[in-house]
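all I have is the shape, not the residue letters:
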């Protein structure tokens, strides 16, 4: 992949103090027993969203998507729109946004004051205005996991963010990459330390079944190890790159991850929101892939 999600997060969301990408469904949470939802992560069509956000959202709605997950919140705007404007744009297209991505970084927590900064609080407020359920941080900066103590200190910030989000009827979550399953601190995988040091009632995990496969971890095993911790997952499939080194994402069900098996297991254990993500396209356009992926999910009963 020439433009990886990690590069996007580092050069985008982490580069600017005000960057945040969020989600919360305060007024309309996915209630226990309610039907599950299928959404698309807008990072899949990042170039299209940058060039023509309204046109891109319109195309996705015409394909049959009813829910999206954002990946762009800059200077208190979603893809250039204020929260109120974006809510209207989505509503006019029959779309809802139950989740969104924003990096929770060390600059968002004022340790001296024991409180979140105004920038982060505004991020949460805007997400709540959009009636989202999940506020998902899709990255953990290297500086926050240099040592065992560093990581545990920031996991307390995660817990506090969970409390903050709960005040607006939302949940705070974390979206994994691969390092969580390959890096260790004090002899334990970073992912295990995150799970053990965050409260289940305050922090949910958005498991990316493709990212973890890169590190040799299998989503079905991790879901079984920590049942009930995944309010949402990223449904992704992976193949080896054409160069034969590393992996890249592909059309759902055509790769190595066993994405249907993982998705079905997560659903059986209570996951309610399933977010399609594909970042590489093997010669097809991103929009063509989004249409194929949705058809696959529907054929699976989602």
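Good, I have the coordinates. This structure is a prediction, so every number in the text was calculated from the model and none was measured.

show me where the stretch 1-150 of the chain has helices.
5-8, 46-51, 53-63, 83-92, 118-129, 148-166 (DSSP state H, counting those that start in this stretch).

deepest-packed of these, please.
helix 118-129 (a mean of 20; mean count of other Cβ atoms under 10 Å). The C-beta positions use only the backbone N, C-alpha and C, and glycine is treated the same way.

on that earlier part again, can you put the helices of the stretch 1-150 of the chain in CSV and add distance to residue 291?
As requested, the helices of the stretch 1-150 of the chain are exported to CSV (distance: least, Cβ to Cβ, whole Å):
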stretch, distance to residue 291
helix 5-8, 21
helix 46-51, 13
helix 53-63, 5
helix 83-92, 19
helix 118-129, 28
helix 148-166, 33
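
with respect to residue 109, which of those lies nearest?
Proximity to residue 109 (Cβ to Cβ) singles out helix 148-166 among those, at 4.9 Å.

next structured bit after that closest one?
Once helix 148-166 ends, the next helix or strand along the chain (criterion: DSSP states H and E) is strand 171-175.

what's that next one packed up against?
If you count contacts as 3 or more Cβ pairs under 8 Å, 6 or more residues apart in numbering; DSSP states H and E, strand 171-175 packs onto strand 134-137, helix 148-166, strand 203-208.

which residues touch residue 197?
By Cβ atoms under 8 Å, 6 or more residues apart in numbering, the contact list for residue 197 reads 151, 152, 155, 156.

what's the closest of the residues you listed to residue 140?
residue 151 (8.2 Å).

contacting residues for the closest one?
Contacts of residue 151 by Cβ under 8 Å, 6+ apart are 144, 145, 185, 190, 193, 194, 197.

cool, and residue 95?
57, 60, 61, 65, 66, 67, 68.

pretty sure the third one contacts residue 91?
No - under the contact definition of Cβ atoms under 8 Å, residue 61 does not touch residue 91, with a separation of 11.1 Å.

what about the helices in the stretch 151-300 of the chain?
Under DSSP H, counting those that start in this stretch, the stretch 151-300 of the chain gives helices at 179-182, 190-196, 209-214, 219-225, 259-268, 286-299.

which neighbouring elements make contact with the fourth one?
With contacts taken as 3+ Cβ pairs under 8 Å, 6+ apart, helix 219-225 sits against strand 203-208, helix 209-214, helix 259-268.

circling back: looking at the helices of the stretch 151-300 of the chain, which one is packed in the most?
Each of the helices of the stretch 151-300 of the chain was scored by mean neighbour count; the highest is helix 209-214, a mean of 25, by mean count of other Cβ under 10 Å.

where does the residue of the chain most remote from its centre fall, phi/psi-wise?
Largest separation from the mean C-alpha position in the chain: residue 112, at 29.5 Å (Cα atoms, centre = their mean). The phi/psi pair for residue 112 (degrees, to the nearest 10) reads phi -70, psi -40.
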